[in-house]
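S.K.: please find the sequence and the predicted model below.
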Amino acid sequence: MVEVTNPPPGRRAIPLADLPGELLLDIMLRLPPKSVLRCRAVCKAWRCITTDRAFLLAHHGLQPSQRLLSFVGDVGSNGGCGIDLNLLDYCVEAVDFRTRQFRSVVRFTGNDYSRFDEDDCPFTVHAACDGLLLMSYYDSLYICNPATREWASVRPPALRTHKIAGLYVHGPSGEYRVLSYREDRRTQTSKFFINTVGSKNMRRIKFGSYSESMRNLLARGSKAIKFYMPFLSNGKLHWLPQSTPPKNILVFDTVAEEFSWLPTPVVTWPVVLLLEVEGTLAISESRVGTSKVDLWVLQDYKSAVWVHKYQIELPAAEIYLIAKHERWTSEVVSADGDVLVDCTDWYATGWQLHYDIKGNLLRKFQCNPSLSLTTHILKESLLPHPFFRMQEHGSAREPPFFRGL
């Protein structure tokens, strides 16, 4: 039972409805998305405030940028009753490193245990943009808003023939667009395409004005570039090359819709992760099994000037005692210098270690080998989108992504 207390003598409780408008607005802006949605059911005045576009833009701007973790768990075997249900638990967690909170934004159970292959998982988070996630389950592609649980089917592209390279908002038009590519096994070449979410039209990107080296690299597709790991920053998509160490980052300008190169810092090691620090592209680099992690920040994007911001020293002996091997990888994963150390082995349950910028262990948790630190950043939004309204009248099958939440 909730205990109700009276206000101190001489004071009276002020009903929320009597609060000054600016103060009430400030309170609502600081509420999490789920609470804002509940406020809409209180009264017409609150609904008017919390559905206003200016409010929604301001609310989106105040949301934390959360890195996404994805994993698949076996929840159907060894349950203690001798029955194997052959079920898999698909989960995507949003991590707020400032508060050290992990929260499931996607979770569902699939009975495709016998067909599961870690190298070809039927569930994939392809991209994130403005609080939206582009995800697929088998051959069906969807764009979803985890905050409102709205969804819409996306087609084209067809996943049987195309691979996803990214999702972005085209600034001049305000359209959300999907970048994909199709690899021709016979000619060993790749072609790139753009389609607007909610549209059936797809157009091919022409490479006629590109240099020969750029055309050759794009033609190699996923053999040359990690297109499955897009990082969206300052209106541009970025991908690391497959080569180790990487010498250049491939960039796609989402306004001009053209590819270009961005040189990496002078020294780069095999363990590399892109992130954003104070609104600027940054790169974390380290070696497998080492205690040092370096962070470089792109000071001048146009001139490709990188500055070494800091180096974090981790307690190698402590990590070795937990990992029991020397194959761990370390990456700076937030603007505040949080480091995630992956101690998982390829075939067994292992540990993820969370360190701060000073090398202090904040948290450790066990996980299975399928856990993946994605390049996707979720910054939740309650802004409405026309393609969700169009889906209400469509015939596409509803995705399972939110059934376990």
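M.R.: Good, I have the coordinates. Numbers count the residues shown, from 1 in each chain.
S.K.: got the phi and psi for residue 281?
M.R.: phi -60, psi 140 (degrees, to the nearest 10).
S.K.: and it, how many neighbours?
M.R.: By other Cβ atoms under 10 Å, 22 other residues sit near residue 281. Every residue, glycine included, has its C-beta placed from N, CA and C.
S.K.: also the one 10 residues further on?
M.R.: The tally of other residues near residue 291 (other Cβ under 10 Å) stands at 19.
S.K.: how far away is it from residue 341?
M.R.: From residue 291 over to residue 341 the distance is 10 Å, taken as Cβ to Cβ, to the nearest Å.
S.K.: could you do residue 365 as well?
M.R.: When Cβ to Cβ is applied, the distance between residue 365 and residue 341 equals 12 Å.
S.K.: looking at the two, which is more packed in?
M.R.: Per other Cβ under 10 Å, whichever of residue 365 and residue 341 has more neighbours is residue 341, with 23 against 10.
S.K.: now do that one, the pLDDT please.
M.R.: Reading off the per-residue confidence, residue 341 sits at a pLDDT of 94.
S.K.: any residues in contact with both of residue 291 and residue 341?
M.R.: Where contact means Cβ atoms under 8 Å, 6 or more residues apart in numbering, the residues bridging residue 291 and residue 341 through contact with each are 314, 319.
S.K.: tell me which stretches of the stretch 51-200 of the chain form strands.
M.R.: For the stretch 51-200 of the chain, applying DSSP state E, counting those that start in this stretch gives strands covering 66-74, 88-96, 101-110, 123-129, 132-137, 140-145, 150-153, 163-170, 175-184, 189-196.
S.K.: what is the mean pLDDT for stretch 239-258?
M.R.: Within the predicted structure, the mean pLDDT of stretch 239-258 is 87.
S.K.: quick check: end-to-end length of that stretch?
M.R.: End-to-end span of stretch 239-258 (Cα to Cα, to the nearest Å): 14 Å.
S.K.: quick one: it to chain centroid distance?
M.R.: 18 Å (Cα atoms, centre = their mean, to the nearest Å).
S.K.: buried residues, that stretch. List them.
M.R.: For stretch 239-258, a neighbour-count test (16 or more other Cβ atoms under 10 Å) marks 239, 240, 241, 245, 246, 248, 249, 250, 251, 252, 254 as buried.
S.K.: dump those residues to a markdown table, plus distance to residue 46 and secondary structure.
M.R.: Formatted as a markdown table, the entries for these read as follows, by distance: Cβ to Cβ, whole Å; DSSP: H, G, I helix; E, B strand; the rest coil:
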| residue | distance to residue 46 | secondary structure |
| --- | --- | --- |
| 239 | 43 | strand |
| 240 | 45 | coil |
| 241 | 50 | strand |
| 245 | 54 | coil |
| 246 | 50 | coil |
| 248 | 51 | strand |
| 249 | 45 | strand |
| 250 | 46 | strand |
| 251 | 43 | strand |
| 252 | 41 | strand |
| 254 | 35 | coil |
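S.K.: show me the two of these that sit farthest apart.
M.R.: 245 and 254 (26.8 Å; Cβ to Cβ).
S.K.: which residues of the stretch 251-400 of the chain score low on pLDDT?
M.R.: Confidence mapping of the stretch 251-400 of the chain against pLDDT under 70 gives the ranges 266-268, 346-348, 369, 392-395.
S.K.: what about 90?
M.R.: By pLDDT under 90, the low-scoring segments of the stretch 251-400 of the chain are 264-271, 289-290, 322-328, 343-351, 364-373, 389-397.
S.K.: what ranges do the strands span in it?
M.R.: Counting by DSSP E, counting those that start in this stretch, the stretch 251-400 of the chain has strands at residues 258-263, 271-277, 280-286, 292-300, 305-313, 329-332, 339-342, 350-355, 361-367, 372-378.
S.K.: tabulate those strands (CSV), appending distance to residue 179.
M.R.: Supplementary listing: the strands of the stretch 251-400 of the chain in CSV, determined by distance: least, Cβ to Cβ, whole Å:
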stretch, distance to residue 179
strand 258-263, 10
strand 271-277, 17
strand 280-286, 18
strand 292-300, 22
strand 305-313, 25
strand 329-332, 25
strand 339-342, 27
strand 350-355, 30
strand 361-367, 31
strand 372-378, 14
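S.K.: shouldn't residue 93 be in contact with residue 101?
M.R.: No: between residue 93 and residue 101 there is no contact, the gap being 9.7 Å when judged by Cβ atoms under 8 Å.
S.K.: more neighbours, these two?
M.R.: Taking residue 93 and residue 101 together and counting by other Cβ under 10 Å, residue 93 has the greater number of neighbours (19 against 12).
S.K.: contact partners for the more buried one?
M.R.: Contacts were defined as Cβ under 8 Å, 6+ apart; by that measure residue 93 touches 68, 69, 70, 71, 102, 103, 104, 105.
S.K.: again, but for residue 184
M.R.: Residues 190, 191 are the ones in contact with residue 184 under the rule Cβ under 8 Å, 6+ apart.
S.K.: next one: residue 30
M.R.: If you count contacts by Cβ under 8 Å, 6+ apart, residue 30 has them with residue 62.
S.K.: ok, now residue 279?
M.R.: Applying Cβ under 8 Å, 6+ apart, we find residue 279 in contact with residue 234.
S.K.: how much space separates it from residue 181?
M.R.: With distances defined as Cβ to Cβ, the gap from residue 279 to residue 181 amounts to 29 Å.
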